[in-house]
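Asker: A structural model of the following input is requested.
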Amino acid sequence: MYRNGFYKKVEEACRMDTAESFNLQSRIHRLQWFDRSDIWVKRDDELSFGVSGTKLRKHASIIPVLKQEEIDEVVVIGGANSNNVLSAAQTLTENGIKIIPFLLGPPSQKQGNSRLLSLFVDDEDIHWISRQQWTERETQINNYVDGKKGQGIKIFVLPEGGHHRLALPGSLSILFDILRNEKESGVIFDHIFIDSGTGMVAQSLLAGAAVVEKKTIFHNVILADSFEDFEKGLKQVIQYTEDFLQVSIKSVPEYKLYYPVVARSFGSTNSTIFKEIKCIAREDGILTDPVYSAKLFITAKRTIQDQSLDGNILLIHSGGALALSGFLDNPVFDNEE
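Answerer: Okay, the predicted model is just below:
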(Lines give C-alpha, C1' and ligand atoms only; values in the text may rest on other atoms or scores of the structure.)
Protein backbone atom coordinates (compact mmCIF):
# COMPACT_ATOMS: atom_id res chain seq x y z
CA MET A 1 0.00 0.00 0.00
CA TYR A 2 2.62 2.56 1.02
CA ARG A 3 4.90 1.89 -1.89
CA ASN A 4 8.69 1.98 -1.51
CA GLY A 5 8.46 3.48 1.96
CA PHE A 6 7.29 6.87 0.66
CA TYR A 7 4.57 7.03 3.28
CA LYS A 8 7.17 6.62 6.03
CA LYS A 9 8.65 9.96 5.03
CA VAL A 10 5.20 11.56 5.20
CA GLU A 11 4.64 10.07 8.66
CA GLU A 12 7.95 11.40 9.93
CA ALA A 13 7.41 14.91 8.54
CA CYS A 14 3.94 15.11 10.11
CA ARG A 15 5.20 13.65 13.42
CA MET A 16 2.42 11.06 13.17
CA ASP A 17 4.05 8.91 15.84
CA THR A 18 3.47 11.54 18.55
CA ALA A 19 0.51 12.09 20.85
CA GLU A 20 0.06 15.64 19.51
CA SER A 21 -0.13 14.69 15.83
CA PHE A 22 -3.16 15.59 13.77
CA ASN A 23 -5.56 12.88 12.59
CA LEU A 24 -4.93 12.41 8.86
CA GLN A 25 -7.25 9.48 8.17
CA SER A 26 -10.79 10.02 6.91
CA ARG A 27 -13.45 7.55 5.88
CA ILE A 28 -15.36 7.12 2.62
CA HIS A 29 -19.00 6.23 2.01
CA ARG A 30 -21.52 6.14 -0.81
CA LEU A 31 -23.51 9.25 -1.76
CA GLN A 32 -27.26 9.07 -2.22
CA TRP A 33 -27.53 12.55 -3.75
CA PHE A 34 -26.52 11.15 -7.18
CA ASP A 35 -28.97 8.20 -7.34
CA ARG A 36 -26.04 5.93 -8.22
CA SER A 37 -24.28 3.30 -6.13
CA ASP A 38 -20.79 3.92 -7.53
CA ILE A 39 -20.28 7.50 -6.34
CA TRP A 40 -18.52 7.97 -3.03
CA VAL A 41 -17.40 10.85 -0.82
CA LYS A 42 -14.18 11.11 1.18
CA ARG A 43 -14.96 12.84 4.46
CA ASP A 44 -11.94 15.05 4.99
CA ASP A 45 -14.45 17.45 6.54
CA GLU A 46 -14.45 15.09 9.53
CA LEU A 47 -10.72 15.38 10.20
CA SER A 48 -11.43 18.20 12.65
CA PHE A 49 -14.47 20.13 13.80
CA GLY A 50 -12.87 23.51 13.32
CA VAL A 51 -9.86 23.22 11.02
CA SER A 52 -11.17 22.77 7.52
CA GLY A 53 -10.58 19.32 6.09
CA THR A 54 -7.70 19.17 3.65
CA LYS A 55 -6.24 22.34 5.21
CA LEU A 56 -5.43 20.27 8.28
CA ARG A 57 -3.21 18.06 6.13
CA LYS A 58 -1.10 21.04 5.07
CA HIS A 59 -0.71 22.33 8.61
CA ALA A 60 0.20 18.86 9.85
CA SER A 61 3.66 19.20 8.31
CA ILE A 62 4.01 23.00 8.66
CA ILE A 63 3.39 23.26 12.41
CA PRO A 64 6.16 20.85 13.54
CA VAL A 65 8.78 22.88 11.68
CA LEU A 66 7.50 26.20 13.06
CA LYS A 67 7.66 24.80 16.59
CA GLN A 68 11.11 23.36 16.06
CA GLU A 69 12.38 26.71 14.81
CA GLU A 70 10.60 28.56 17.66
CA ILE A 71 8.73 30.92 15.35
CA ASP A 72 6.90 33.73 17.23
CA GLU A 73 4.59 35.04 14.51
CA VAL A 74 3.27 33.79 11.18
CA VAL A 75 2.00 36.11 8.46
CA VAL A 76 -0.88 34.41 6.66
CA ILE A 77 -2.15 35.74 3.33
CA GLY A 78 -5.54 35.23 1.73
CA GLY A 79 -9.07 36.36 1.04
CA ALA A 80 -11.56 37.42 3.69
CA ASN A 81 -13.30 34.03 3.57
CA SER A 82 -10.21 31.87 3.14
CA ASN A 83 -10.49 28.40 4.68
CA ASN A 84 -6.70 28.31 4.98
CA VAL A 85 -6.54 31.55 6.98
CA LEU A 86 -9.19 30.34 9.42
CA SER A 87 -7.46 26.97 9.72
CA ALA A 88 -4.11 28.65 10.34
CA ALA A 89 -5.68 30.81 13.04
CA GLN A 90 -6.74 27.68 14.89
CA THR A 91 -3.61 25.53 14.49
CA LEU A 92 -1.20 28.39 15.19
CA THR A 93 -3.12 29.57 18.25
CA GLU A 94 -3.23 26.02 19.59
CA ASN A 95 0.55 25.91 19.35
CA GLY A 96 1.21 29.30 20.90
CA ILE A 97 2.18 31.05 17.67
CA LYS A 98 0.65 34.43 16.87
CA ILE A 99 -1.10 34.79 13.51
CA ILE A 100 -0.91 38.04 11.57
CA PRO A 101 -3.40 37.95 8.65
CA PHE A 102 -2.92 40.07 5.54
CA LEU A 103 -6.29 39.85 3.83
CA LEU A 104 -8.03 41.12 0.73
CA GLY A 105 -10.75 43.47 1.90
CA PRO A 106 -12.36 44.38 4.14
CA PRO A 107 -15.63 42.79 3.01
CA SER A 108 -18.76 44.94 2.99
CA GLN A 109 -20.24 42.53 5.52
CA LYS A 110 -18.50 40.03 7.76
CA GLN A 111 -19.97 36.58 7.25
CA GLY A 112 -18.73 33.01 7.05
CA ASN A 113 -15.02 32.64 7.72
CA SER A 114 -14.34 36.37 8.01
CA ARG A 115 -16.77 36.49 10.91
CA LEU A 116 -15.36 33.39 12.59
CA LEU A 117 -11.81 34.74 12.28
CA SER A 118 -12.72 37.42 14.83
CA LEU A 119 -12.87 34.69 17.48
CA PHE A 120 -9.15 34.07 17.05
CA VAL A 121 -7.68 37.39 15.95
CA ASP A 122 -8.13 40.95 17.20
CA ASP A 123 -9.27 43.39 14.53
CA GLU A 124 -6.14 45.51 15.03
CA ASP A 125 -3.96 42.52 14.07
CA ILE A 126 -5.70 42.09 10.71
CA HIS A 127 -4.09 43.98 7.85
CA TRP A 128 -6.74 44.68 5.21
CA ILE A 129 -5.48 45.34 1.69
CA SER A 130 -7.81 46.73 -0.96
CA ARG A 131 -8.23 45.07 -4.32
CA GLN A 132 -6.49 48.05 -5.94
CA GLN A 133 -3.43 47.55 -3.71
CA TRP A 134 -3.46 43.74 -3.69
CA THR A 135 -0.73 43.50 -6.32
CA GLU A 136 1.54 45.46 -3.93
CA ARG A 137 0.87 43.19 -0.94
CA GLU A 138 4.40 41.78 -0.94
CA THR A 139 5.84 45.24 -0.29
CA GLN A 140 3.52 45.79 2.68
CA ILE A 141 4.27 42.33 4.07
CA ASN A 142 8.03 42.75 3.64
CA ASN A 143 7.91 46.09 5.48
CA TYR A 144 6.04 44.46 8.34
CA VAL A 145 8.42 41.49 8.49
CA ASP A 146 11.51 43.71 8.43
CA GLY A 147 10.12 45.75 11.31
CA LYS A 148 9.44 42.66 13.41
CA LYS A 149 12.85 41.15 12.70
CA GLY A 150 14.38 44.42 13.85
CA GLN A 151 12.64 43.82 17.18
CA GLY A 152 14.14 40.36 17.48
CA ILE A 153 10.87 38.57 16.66
CA LYS A 154 11.16 35.31 14.69
CA ILE A 155 8.62 35.50 11.90
CA PHE A 156 7.53 33.24 9.04
CA VAL A 157 5.46 34.14 5.98
CA LEU A 158 2.96 31.51 4.84
CA PRO A 159 1.91 32.14 1.21
CA GLU A 160 -1.71 32.20 0.06
CA GLY A 161 -3.45 28.90 0.56
CA GLY A 162 -0.46 27.51 2.44
CA HIS A 163 1.21 26.84 -0.92
CA HIS A 164 4.67 26.13 0.46
CA ARG A 165 7.31 23.42 0.42
CA LEU A 166 6.68 22.73 4.13
CA ALA A 167 3.05 21.84 3.36
CA LEU A 168 4.00 19.08 0.94
CA PRO A 169 4.30 16.05 3.26
CA GLY A 170 0.93 16.70 4.86
CA SER A 171 -0.64 17.36 1.47
CA LEU A 172 0.77 14.09 0.11
CA SER A 173 -0.94 12.24 2.95
CA ILE A 174 -4.26 12.47 1.12
CA LEU A 175 -2.98 10.19 -1.66
CA PHE A 176 -1.85 7.53 0.78
CA ASP A 177 -5.10 7.85 2.72
CA ILE A 178 -7.07 7.21 -0.48
CA LEU A 179 -4.94 4.13 -1.12
CA ARG A 180 -5.88 2.97 2.38
CA ASN A 181 -9.57 3.62 1.66
CA GLU A 182 -9.34 1.59 -1.54
CA LYS A 183 -7.62 -1.31 0.18
CA GLU A 184 -10.12 -1.45 3.05
CA SER A 185 -13.22 -1.06 0.86
CA GLY A 186 -12.08 -3.10 -2.12
CA VAL A 187 -13.15 -0.21 -4.36
CA ILE A 188 -10.65 1.25 -6.84
CA PHE A 189 -11.60 4.73 -8.00
CA ASP A 190 -11.60 5.51 -11.71
CA HIS A 191 -12.33 9.21 -11.19
CA ILE A 192 -11.52 11.54 -8.30
CA PHE A 193 -12.98 15.05 -7.92
CA ILE A 194 -11.31 17.65 -5.69
CA ASP A 195 -11.71 21.40 -5.30
CA SER A 196 -8.76 23.74 -5.58
CA GLY A 197 -8.14 27.18 -4.11
CA THR A 198 -4.44 27.82 -4.55
CA GLY A 199 -4.19 24.11 -5.32
CA MET A 200 -1.57 22.75 -2.91
CA VAL A 201 -3.45 19.60 -1.91
CA ALA A 202 -4.92 18.96 -5.36
CA GLN A 203 -1.50 19.34 -6.97
CA SER A 204 0.12 17.14 -4.32
CA LEU A 205 -2.51 14.48 -5.02
CA LEU A 206 -1.47 14.48 -8.68
CA ALA A 207 2.24 14.43 -7.86
CA GLY A 208 1.79 11.62 -5.35
CA ALA A 209 -0.32 9.62 -7.79
CA ALA A 210 2.47 10.01 -10.35
CA VAL A 211 5.03 8.62 -7.90
CA VAL A 212 2.97 5.49 -7.12
CA GLU A 213 1.73 5.23 -10.74
CA LYS A 214 -1.94 5.37 -9.81
CA LYS A 215 -4.17 5.05 -12.88
CA THR A 216 -7.02 7.41 -12.06
CA ILE A 217 -8.48 10.43 -13.86
CA PHE A 218 -8.41 13.48 -11.59
CA HIS A 219 -11.00 16.24 -11.92
CA ASN A 220 -10.02 19.57 -10.37
CA VAL A 221 -12.58 22.31 -9.75
CA ILE A 222 -10.65 25.60 -9.73
CA LEU A 223 -12.32 27.97 -7.27
CA ALA A 224 -9.88 30.81 -6.65
CA ASP A 225 -7.12 30.90 -9.25
CA SER A 226 -6.95 30.35 -13.02
CA PHE A 227 -6.08 27.24 -15.00
CA GLU A 228 -2.71 28.83 -15.73
CA ASP A 229 -2.06 29.39 -12.02
CA PHE A 230 -2.91 25.75 -11.31
CA GLU A 231 -0.47 24.52 -13.95
CA LYS A 232 2.26 26.79 -12.60
CA GLY A 233 1.62 25.58 -9.05
CA LEU A 234 1.65 21.96 -10.20
CA LYS A 235 5.15 22.38 -11.62
CA GLN A 236 6.28 23.76 -8.26
CA VAL A 237 4.71 20.89 -6.33
CA ILE A 238 6.25 18.30 -8.66
CA GLN A 239 9.64 19.83 -7.88
CA TYR A 240 8.88 19.79 -4.14
CA THR A 241 7.85 16.13 -4.41
CA GLU A 242 10.94 15.10 -6.36
CA ASP A 243 13.14 16.78 -3.74
CA PHE A 244 11.24 15.36 -0.75
CA LEU A 245 10.91 11.77 -1.96
CA GLN A 246 14.13 11.72 -4.00
CA VAL A 247 12.36 10.60 -7.18
CA SER A 248 12.04 11.75 -10.76
CA ILE A 249 8.51 12.42 -12.04
CA LYS A 250 8.30 12.09 -15.81
CA SER A 251 4.55 12.54 -16.15
CA VAL A 252 1.41 12.89 -14.04
CA PRO A 253 -1.87 10.97 -14.40
CA GLU A 254 -4.61 12.29 -16.65
CA TYR A 255 -6.36 15.28 -15.12
CA LYS A 256 -8.98 17.83 -16.11
CA LEU A 257 -9.63 21.37 -14.94
CA TYR A 258 -13.01 23.04 -14.51
CA TYR A 259 -14.38 26.29 -13.23
CA PRO A 260 -17.49 26.04 -11.03
CA VAL A 261 -20.72 25.75 -13.00
CA VAL A 262 -22.38 28.12 -10.49
CA ALA A 263 -21.17 31.42 -8.99
CA ARG A 264 -17.75 31.21 -10.65
CA SER A 265 -16.26 34.22 -8.88
CA PHE A 266 -14.41 33.11 -5.74
CA GLY A 267 -16.47 33.70 -2.61
CA SER A 268 -19.65 34.47 -4.55
CA THR A 269 -22.88 32.61 -3.82
CA ASN A 270 -26.43 32.35 -5.15
CA SER A 271 -29.76 30.70 -4.39
CA THR A 272 -28.93 27.61 -6.48
CA ILE A 273 -25.98 26.84 -4.22
CA PHE A 274 -28.02 27.23 -1.04
CA LYS A 275 -30.78 25.01 -2.41
CA GLU A 276 -28.26 22.28 -3.20
CA ILE A 277 -26.67 22.66 0.25
CA LYS A 278 -30.10 21.95 1.72
CA CYS A 279 -30.65 19.04 -0.68
CA ILE A 280 -27.29 17.42 0.13
CA ALA A 281 -28.02 17.76 3.84
CA ARG A 282 -31.44 16.13 3.41
CA GLU A 283 -30.21 13.31 1.16
CA ASP A 284 -26.88 12.43 2.80
CA GLY A 285 -26.70 14.21 6.14
CA ILE A 286 -23.62 16.12 4.95
CA LEU A 287 -22.98 19.81 5.56
CA THR A 288 -21.32 21.65 2.69
CA ASP A 289 -20.36 25.31 2.45
CA PRO A 290 -21.23 27.75 -0.36
CA VAL A 291 -17.65 28.84 -1.12
CA TYR A 292 -15.88 25.50 -1.53
CA SER A 293 -17.51 22.10 -1.09
CA ALA A 294 -21.00 22.86 -2.42
CA LYS A 295 -19.48 24.18 -5.64
CA LEU A 296 -17.44 20.99 -5.94
CA PHE A 297 -20.51 18.78 -5.47
CA ILE A 298 -22.62 20.75 -7.96
CA THR A 299 -19.86 20.92 -10.59
CA ALA A 300 -19.06 17.22 -10.16
CA LYS A 301 -22.71 16.27 -10.62
CA ARG A 302 -23.00 18.31 -13.82
CA THR A 303 -19.69 16.93 -15.14
CA ILE A 304 -20.62 13.31 -14.40
CA GLN A 305 -23.91 13.77 -16.22
CA ASP A 306 -22.56 15.75 -19.19
CA GLN A 307 -19.59 13.43 -19.76
CA SER A 308 -21.52 10.24 -18.90
CA LEU A 309 -18.72 9.20 -16.56
CA ASP A 310 -18.85 5.61 -15.39
CA GLY A 311 -16.83 3.49 -13.01
CA ASN A 312 -16.21 4.26 -9.35
CA ILE A 313 -16.14 7.97 -8.60
CA LEU A 314 -14.83 9.72 -5.47
CA LEU A 315 -15.61 13.27 -4.36
CA ILE A 316 -13.24 14.71 -1.76
CA HIS A 317 -15.11 16.84 0.76
CA SER A 318 -12.37 19.29 1.68
CA GLY A 319 -14.18 20.79 4.66
CA GLY A 320 -15.27 24.36 5.31
CA ALA A 321 -18.76 23.56 6.60
CA LEU A 322 -18.13 25.62 9.74
CA ALA A 323 -18.34 28.70 7.51
CA LEU A 324 -21.93 27.76 6.70
CA SER A 325 -22.93 29.26 10.05
CA GLY A 326 -22.35 32.69 8.58
CA PHE A 327 -24.98 32.12 5.88
CA LEU A 328 -27.80 30.53 7.85
CA ASP A 329 -29.92 33.67 7.60
CA ASN A 330 -30.41 32.87 3.90
CA PRO A 331 -34.17 32.45 3.31
CA VAL A 332 -33.62 29.15 1.48
CA PHE A 333 -33.00 27.50 4.83
CA ASP A 334 -36.38 28.69 6.16
CA ASN A 335 -38.60 27.63 3.27
CA GLU A 336 -40.11 24.18 2.97
CA GLU A 337 -40.25 22.91 -0.61
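Asker: and the pLDDT for the closest residue to Q133 other than its chain neighbours?
Answerer: Spatially, and ignoring its direct neighbours in sequence, Q133 is nearest to Q140 (7.7 Å; CB to CB, 6 or more residues apart in numbering). C-beta: built from backbone N, CA, C; applies to glycine. Looking at Q140, its pLDDT reads 96.
Asker: now name the helix or strand holding Q140.
Answerer: Using DSSP states H and E, Q140 sits within helix 137-150.
Asker: I277 too?
Answerer: helix 271-284.
Asker: which residues touch that helix?
Answerer: With contacts defined as CB atoms under 8 Å, 6 or more residues apart in numbering, helix 271-284 is touched by 31-33, 41, 262-263, 286-290, 294-295, 297-298, 324, 327, 330, 332-333.
Asker: which residues in it does the neighbour count mark as buried?
Answerer: For helix 271-284, the neighbour count (16 or more other CB atoms under 10 Å) marks 273-281, 284 as buried.
Asker: can you give me the buried ones in the very next helix or strand once past that helix?
Answerer: Note on helix 271-284: by DSSP H and E, the next helix or strand toward the C-terminus is helix 293-306. Judged by neighbour count (16+ other CB under 10 Å), helix 293-306 contains these buried residues: 293-301, 303-304.
Asker: care to break the protein down by domain?
Answerer: Residue ranges for the domains of the chain, per automatic domain parsing: 3-52+165-333, 57-162.
Asker: filter the contacts of helix 271-284 down to the buried ones and hand me the PyMOL line.
Answerer: Burial among those is assessed by 16+ other CB under 10 Å; the matching PyMOL selection reads:
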select buried, resi 31+33+41+262+263+286+287+288+289+290+294+295+297+298+324+327+330+332
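Asker: on that earlier part again, my guess is the residue nearest to Q133 contacts I77. True?
Answerer: No - judged on CB atoms under 8 Å, Q140 makes no contact with I77 at a distance of 10.3 Å.
Asker: higher neighbour count, the two?
Answerer: A count of neighbours by other CB atoms under 10 Å puts I77 above the other of Q140 and I77, at 26 against 14.
Asker: for that one, which residues are in contact?
Answerer: Contacts for I77 (CB under 8 Å, 6+ apart) come out as 85, 101-103, 137, 141, 157-160.
Asker: buried only: go through those residues for me.
Answerer: Judged by 16+ other CB under 10 Å, buried ones among the contacts of I77: 85, 101-103, 137, 141, 157-158, 160.
Asker: residues in contact with the helix or strand of the chain with the lowest mean pLDDT?
Answerer: Lowest by mean pLDDT, DSSP states H and E among the helices and strands of the chain is helix 113-116, with a mean of 84. Identification of contacts with helix 113-116 by CB under 8 Å, 6+ apart yields 80-83, 85-86, 103, 105-107, 291, 320, 322-323, 325-326.
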